[in-house]
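K.L.:
Got a predicted structure plus its sequence, pasted below:
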Amino acid sequence: MRPMNAPDASPRATALCGLVALAAAMGIGRFAFTPILPMMQEGAGLGIAEGGWLASANYLGYLVGALSAMHVAVKQRFAIRAGLLTIALATLAMGFSSSFAAWVVLRALPGFASAWVLVHVSTWSLERLERAGRSGLDGAVFAGVGSGIVFAGLVCLALGNARLAYSDAWIALGAAAALATAALWRRAGSAAQGPASDPGPHATPREIPEFWRLVFCHGALGLGYIIPATFLPVMAKQIVSDPLWFGWAWPVFGAAAVVSTLLASRLARLMAYRSVWILGNVVMAAGVLVPLVAPALAGIVLAAVCVGGTFMVNTMAGLQEARRVAGPNARILMAAMTSAFAVGQIAGPLLVSVLTRSRSGFSAALVAAAVPLVLAACVLSRKGENHEQWSVDRG
């Protein structure tokens, strides 16, 4: 079989390769912990506070990995292989360990590796699709994130319904990541040296319009989405103990991410990216607050749809807005926004671990997630120096 990075590889094959890589890196390497957390609570006696620490370890690893990927020049193929292999081995190891200290390390490693895979798979696949004149398949590549979330959720749903242990879930997902790694070993990434770590224009934040505004809003997105994204299955379990029912919260979340990602490029033809971002923040904030007014399984599912259907769209819209605002200095602004997003993700679970000790429990945590989203929507609505009319078509 000819490798997918051969000159005659079809754009659809490239998109499929990118989809599978992101499904393994993000769906398993980053987000598999979410549907497994209820199983670990029952089988290992893991508390919400401990769950917050494990989630934050993964996000801290992601932050460090993203920063290193921007400044360390390595071959694309090596970065993708090493990242996927690390994710597979660390996920498998979670199923054979019972030490909390080991779990912290084993959650940090996939976070670091998933950042490498995301950066290098995106660079490789999007460049190839653009050269082939098939940029419309970009959405299919990023649909891999939601696809991986759906897969991990369904695996945990099936194992939970069968009353199997949390360790079985980690082993099953680790095996799936290993299979994906083997399938992509010769197919993903260019063998040539990837783009060098070019520092680019040495612009300061003062020279980039709306720098701190966009950085703040992207950080608010990281904080606002990660709280429901991490703890929705736990909230569902508090309402109904049957895993056949509460386990659907995470697959629904992932399915919403898949559909919204595929529709995002079409929506951007009708609305400016900033308006897409503002609308997404409002919808996400509403979804976060739904369980407060509808504390039933239907409310959890609706929250999963609202948050899952906006978190990837908002991420892409934010980065596209950075390109429009910063122009040749976009890399600097995107790097700062990504760092703020990662910091928000780290702070979210830690904030939950503190707030859930109060009588209000998850209610306070949900409000804490919604407030920055609404505030960011208001901040984005204000016109800055380089803010063109955002309610009309970008073209």
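P.N.:
Yes, it's here. Numbering: from 1, shown residues only.

K.L.:
Report the mean per-residue pLDDT for stretch 345-357.
P.N.:
The average pLDDT for stretch 345-357 rounds to 79.

K.L.:
contacts for that stretch?
P.N.:
Outside stretch 345-357, the residues within contact range by CB atoms under 8 Å, 6 or more residues apart in numbering are 48-49, 51-53, 55-56, 59-60, 62-63, 222-223, 226-227, 230-231, 361-362, 364-365, 368-369. In this view, the C-beta of every residue, glycine as well, is placed from N, C-alpha and C.

K.L.:
Please apply the same query to stretch 160-170.
P.N.:
By CB under 8 Å, 6+ apart, the surrounding residues in contact with stretch 160-170 are 32, 35-36, 38-40, 42-44, 91-92, 94-96, 155-156, 159, 243-244, 247.

K.L.:
in the longest helix along the chain, what's buried?
P.N.:
Within the chain, and with DSSP state H defining each element, the longest helix by residue count is helix 100-131. Of the residues in helix 100-131, those buried under the neighbour-count criterion (16 or more other CB atoms under 10 Å) are 103-104, 106-126, 128-129.

K.L.:
Quick one: mean pLDDT over stretch 69-82.
P.N.:
Looking at stretch 69-82 alone, the average pLDDT works out to 82.

K.L.:
Show me the shaky parts of the stretch 101-250 of the chain.
P.N.:
Applying pLDDT under 70 to the stretch 101-250 of the chain flags the ranges 135, 190-207, 233-234, 236-247.

K.L.:
what about 80?
P.N.:
Low-confidence segments of the stretch 101-250 of the chain, defined by pLDDT under 80, are located at 119, 122-123, 126-127, 130, 133-139, 188-209, 229-250.

K.L.:
For it, just list every one of the helices.
P.N.:
Using DSSP state H, counting those that start in this stretch, the helices of the stretch 101-250 of the chain run over 138-161, 166-184, 211-239, 243-246, 249-267.

K.L.:
Show me how to select, in PyMOL, the buried members of the contacts of stretch 345-357.
P.N.:
Applying 16+ other CB under 10 Å to the contacts of stretch 345-357 leaves a buried subset, and the PyMOL line that selects it is:
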select buried, resi 48+51+52+53+55+56+59+60+62+63+222+223+226+227+230+231+362+364+365+368+369
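
K.L.:
Of the contacts of stretch 345-357, which belong to helices?
P.N.:
Secondary structure of the contacts of stretch 345-357 is defined by DSSP H; positions in helices are 48-49, 51-53, 55-56, 59-60, 62-63, 222-223, 226-227, 230-231, 362, 364-365, 368-369.

K.L.:
List the contacts of the closest residue to Val105 other than its chain neighbours.
P.N.:
Across the structure, with CB to CB, 6 or more residues apart in numbering as the measure, the residue nearest Val105 apart from its sequence neighbours is Ala57 (7.7 Å). When contacts are counted by CB under 8 Å, 6+ apart, Ala57 is found next to 104-105, 107-108, 111.

K.L.:
for the longest helix of the chain, packing partners?
P.N.:
The criterion is 3 or more CB pairs under 8 Å, 6 or more residues apart in numbering; DSSP states H and E, and the helices and strands that helix 100-131 contacts are helix 11-22, helix 48-71, helix 76-94, helix 138-161.

K.L.:
buried sites along the last one?
P.N.:
Judged by neighbour count (16+ other CB under 10 Å), helix 138-161 contains these buried residues: 138-157, 159-160.

K.L.:
Off-centre distance for the longest helix of the chain?
P.N.:
Put simply, helix 100-131 sits 11 Å off its chain's centre (CA atoms, centre = their mean, to the nearest Å).

K.L.:
what about the residue nearest to Val121 when sequence neighbours are not counted, distance to Leu351?
P.N.:
Take Val121 and drop its neighbours on the chain: the residue closest to it by CB to CB, 6+ apart is Ala21, 4.6 Å away. Computed as CB to CB, to the nearest Å, the Ala21 to Leu351 distance reads 31 Å.

K.L.:
Show me which of these two is the more surrounded one.
P.N.:
Ala21 (30 against 20; other CB atoms under 10 Å).

K.L.:
so what's the more buried one up against?
P.N.:
80, 84, 117, 121, 144, 180, 184, 188.

K.L.:
Switch those residues over to a markdown table; also include distance to Val290.
P.N.:
Shown next, in a markdown table, are the contacts of Ala21 (distance: CB to CB, whole Å):
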| residue | distance to Val290 |
| --- | --- |
| Ile80 | 38 |
| Leu84 | 36 |
| Val117 | 33 |
| Val121 | 33 |
| Gly144 | 27 |
| Ala180 | 34 |
| Leu184 | 38 |
| Ala188 | 38 |
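
K.L.:
Please identify which of those is nearest to Ala69.
P.N.:
The shortest distance between Ala69 and any of those, using CB to CB, involves Val117 and amounts to 9.3 Å.

K.L.:
if I look at that closest one, how far off is Thr181?
P.N.:
Separation of Val117 from Thr181 (CB to CB): 10 Å.

K.L.:
who touches both of those two?
P.N.:
Looking at what touches both Val117 and Thr181 (by CB under 8 Å, 6+ apart), the common residues are 24, 84, 87.
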